[in-house]
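Visitor: Turn this into a model:
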Amino acid sequence: MGSHAMIKKYVILGGGTAGWMTAAAFARFLHAESVQIVLIESDAIGTVGVGEATIPHIRAFNDMLGIEESDFMQAVNATYKLGIRFSGWGSSDSDYYHPFGDHGFPIKGVGFHHYWLGAKNAGADIAPFDSYSMANVLAREKKFTYPSSDPDDVLSTFSYAYHIDATAYAKFLRSYSEGRVTRIEGEVVSVAKNTETGFIESLTLVSGECIEGDLFIDCSGFRSRLLGQELDVKFQSWKKWLPCDSALAVPTEGNLLKQPYTHSSAKKAGWCWKIPLQHRIGNGHVFSSDFTSRADALDELKNNLSGEMKKDPISIRFEAGVREKTWEKNCIAVGLACGFLEPLESTSIYLIEVAILKILELLPTDTKDCLLEEKEFNRQMENEYLKVRDFIILHYALNQRPEDFWKYCANMPLPDTLQEKIDVFKATAQIVEYDAGLFMPPSWLAVYLGQGLFPVNIDSRLTPKSIQEAMALLKEMPAHLNHIVSQIETQKQKIDSRPPVSRMSLYGVRR
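Guide: Residues are numbered from 1 along each chain as shown. Model (predicted):
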């Protein structure tokens, strides 16, 4: 990365999760003596602060910062998350889990799901596909344990994430960054740009204070104050594939400590989420205003609540899509300022993390000569967003529900990249592998098979005889997993009895 001779001052616009995750990572990795990091945020501008479910990458991010899990969980009222339960997403009465982990294991070099499909196609009475995943069995039985480090132990076949209070996480990272990051309270009223290059030179606040900088990180949320408004980077809409454009969110009393998973249930014109924290339950309804009214959507949300509402529901309007570039001139957008995808697969914090890591990997020494870095960053971020987009569309495309909204989704033309993957799976039961990106084959299998896409053709290496030989394993494995899980404590016991987890981080540092 060089010595950053030319970049002396980093200016982050916006707090919230995106702003403080960026600030914390910069505080940890940029050399204190040579650079200045400033974060501008306004208490008057609220953060979205809804996305409270995460995926396992957050553990690596916290570890990279040297944050202890016990400190983190206490600060953000976290519970453990082993995956997502999807109710009503295939047919109206379907119910399956998307786990952080594998289903079964390959047998003689052939993927486990081919044996399962072979047995199913032969009419055998076998358990649902998600009964073969340790993460799913734990989640269903409301148990939790840490994964084993022994690769021969079935308890090594899963991972975990957390449900968190995102606002508390931002506060936690703010205190982590104190002393290294200068926080300035204020709202931007104008932006000065270089007349020749168009680069941003300074931001002027309501107070009249002028903040100069070399590299600007736009974490201003949906407003995209710098990348969108000032640098005029256009927004590409994905609404034709992801027609939901509204959400209602409300916290309720109580907790679902027993539930180590996020619950997503399909409704008439969208879906409801339920996220258990230690001190409350996060609830929401994502819907399409073209197919239902706000009043009906609110009723749908209220019917899905457990516990009393702690405040009035907040309304959020959005459009799925992404800016044509994430990095333009000397401005890089992180989080909602560069794009939005609905929280169906809990990817918003992941997309923030990945942007921050790629900034650190590609950080130029000189903002005036960074076209290569800019181009590579934009390529990688576009790749990440497209892959998450396709995976979210998949859930809608494979539904068999009767309502108008769902019929639209089942019949809409799909992006070529996704259509090809579905066609290949339908024809051969093979999963088209990505060259990079977030969702691995177990994720695709969970949705394909969970929502009822069962290919007839399977791997040609399997014969009726080899399927018959695997039948005993297919019959015994769910009972074996259930037996192991029966001896594990519940998530509630785990959280109540949790000792301070004092693992040294990957970097061997503690702050």
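Visitor: Which positions in stretch 240-248 come out as buried?
Guide: By neighbour count on 16 or more other CB atoms under 10 Å, the buried set for stretch 240-248 is 241-248. Where you see a C-beta, it was placed from the backbone N, CA and C, and this is true even at glycine.
Visitor: Rounded mean pLDDT for that stretch, please.
Guide: Stretch 240-248 carries an average pLDDT of 97.
Visitor: just stretch 357-371 next, same as before
Guide: The average of the pLDDT scores along stretch 357-371 is 88.
Visitor: Same question for stretch 35-49.
Guide: For stretch 35-49, the mean per-residue pLDDT is 82.
Visitor: coming back round to it: out of the buried residues of stretch 240-248, list just those in strands.
Guide: Counted as lying in strands by DSSP state E, out of these, are 246-248.
Visitor: circling back: okay if I get the buried residues of stretch 240-248 as JSON lines plus distance to His31?
Guide: Compiled in JSON lines, the buried residues of stretch 240-248 are given as follows (distance: CB to CB, whole Å):
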{"residue": "Trp241", "distance to His31": "43"}
{"residue": "Leu242", "distance to His31": "41"}
{"residue": "Pro243", "distance to His31": "47"}
{"residue": "Cys244", "distance to His31": "44"}
{"residue": "Asp245", "distance to His31": "44"}
{"residue": "Ser246", "distance to His31": "45"}
{"residue": "Ala247", "distance to His31": "41"}
{"residue": "Leu248", "distance to His31": "45"}
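Visitor: Among these, find me the one that's closest to Val35.
Guide: Using CB to CB, Ala247 comes nearest to Val35 of those, at 37.7 Å.
Visitor: which residues does that closest one form a beta bridge with?
Guide: Listed by DSSP bridges, the beta-bridge partners for Ala247 are Val286, Ile316.
Visitor: which residues touch Phe199?
Guide: Counting by CB atoms under 8 Å, 6 or more residues apart in numbering, Phe199 touches 193, 329-330, 367-368.
Visitor: Spell out for me the PyMOL command that would select the buried members of these.
Guide: Those of those that count as buried under 16+ other CB under 10 Å are selected in PyMOL with:
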select buried, resi 329+330+367
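Visitor: which one's the longest helix in the protein?
Guide: Longest helix of the chain, by residue count under DSSP state H: helix 371-397.
Visitor: For that helix, name the packing helices and strands.
Guide: strand 321-323, strand 327-328, helix 348-362, helix 404-411, helix 416-428, helix 441-450 (3 or more CB pairs under 8 Å, 6 or more residues apart in numbering; DSSP states H and E).
Visitor: Relative to Cys272, which of the ones you listed is closest?
Guide: Nearest of the helices and strands packed on helix 371-397 to Cys272, taken as CB to CB: helix 404-411 at 13.8 Å.
Visitor: Could you list the buried residues of that closest one?
Guide: Using 16+ other CB under 10 Å as the test for burial, helix 404-411 gives 405-406, 408-409.
Visitor: Between the residues you listed, which sits nearest Gln493?
Guide: Nearest member of the buried residues of helix 404-411 to Gln493, counting by CB to CB, is Trp406, at 39.1 Å.
Visitor: any chance of the buried residues of helix 404-411 in a markdown table, plus distance to Glu178 and pLDDT?
Guide: A markdown table is the format used below for these (distance: CB to CB, whole Å; pLDDT from 0 to 100):
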| residue | distance to Glu178 | pLDDT |
| --- | --- | --- |
| Phe405 | 47 | 98 |
| Trp406 | 48 | 98 |
| Tyr408 | 49 | 98 |
| Cys409 | 46 | 98 |
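Visitor: Distance to Leu360 added to these, as TSV?
Guide: Below are the buried residues of helix 404-411 laid out as TSV (distance: CB to CB, whole Å):
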residue	distance to Leu360
Phe405	41
Trp406	42
Tyr408	41
Cys409	38
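Visitor: the helices in the stretch 201-350 of the chain, which residues?
Guide: Along the stretch 201-350 of the chain, the segments classed as helices by DSSP state H, counting those that start in this stretch run 294-303, 348-362.
Visitor: From the chain's centroid, how far away is the last one?
Guide: Just to be clear, that refers to helix 348-362. Computed by CA atoms, centre = their mean, to the nearest Å, the chain-centroid distance of helix 348-362 equals 12 Å.
Visitor: contacts for it?
Guide: Contact with helix 348-362 is made by 1, 17-18, 21-22, 25, 29, 51, 54-55, 57-58, 61, 166, 217, 326, 332-336, 338-339, 341, 373, 376-377, 380-381, 384-385, 388, 438, as judged by CB under 8 Å, 6+ apart.
Visitor: May I see the buried residues of stretch 172-183?
Guide: 172-174, 176-177, 180-183.
Visitor: before we move on, the earlier item: need the winner for burial among the helices of the stretch 201-350 of the chain.
Guide: helix 348-362 (a mean of 22; mean count of other CB atoms under 10 Å).
Visitor: Kindly calculate the angle that that one makes with helix 371-397.
Guide: Relative orientation of helix 348-362 versus helix 371-397 (axes from the mean of the first three to the mean of the last three CA atoms, to 10 degrees): 160 degrees.
Visitor: tell me the contacts of the closest residue to Gln36 other than its chain neighbours?
Guide: Sequence neighbours aside, Lys9 is the residue nearest to Gln36 in space, at 4.7 Å (criterion: CB to CB, 6 or more residues apart in numbering). By CB under 8 Å, 6+ apart, the residues touching Lys9 are 35-38, 212-215.
Visitor: now do 6 Å
Guide: For Lys9, the contacting residues are 36, 213-214, by CB atoms under 6 Å, 6 or more residues apart in numbering.
Visitor: quick one: it from Leu414, how far?
Guide: Counting by CB to CB, to the nearest Å, the gap from Lys9 to Leu414 is 45 Å.
Visitor: Much appreciated, bye for now.
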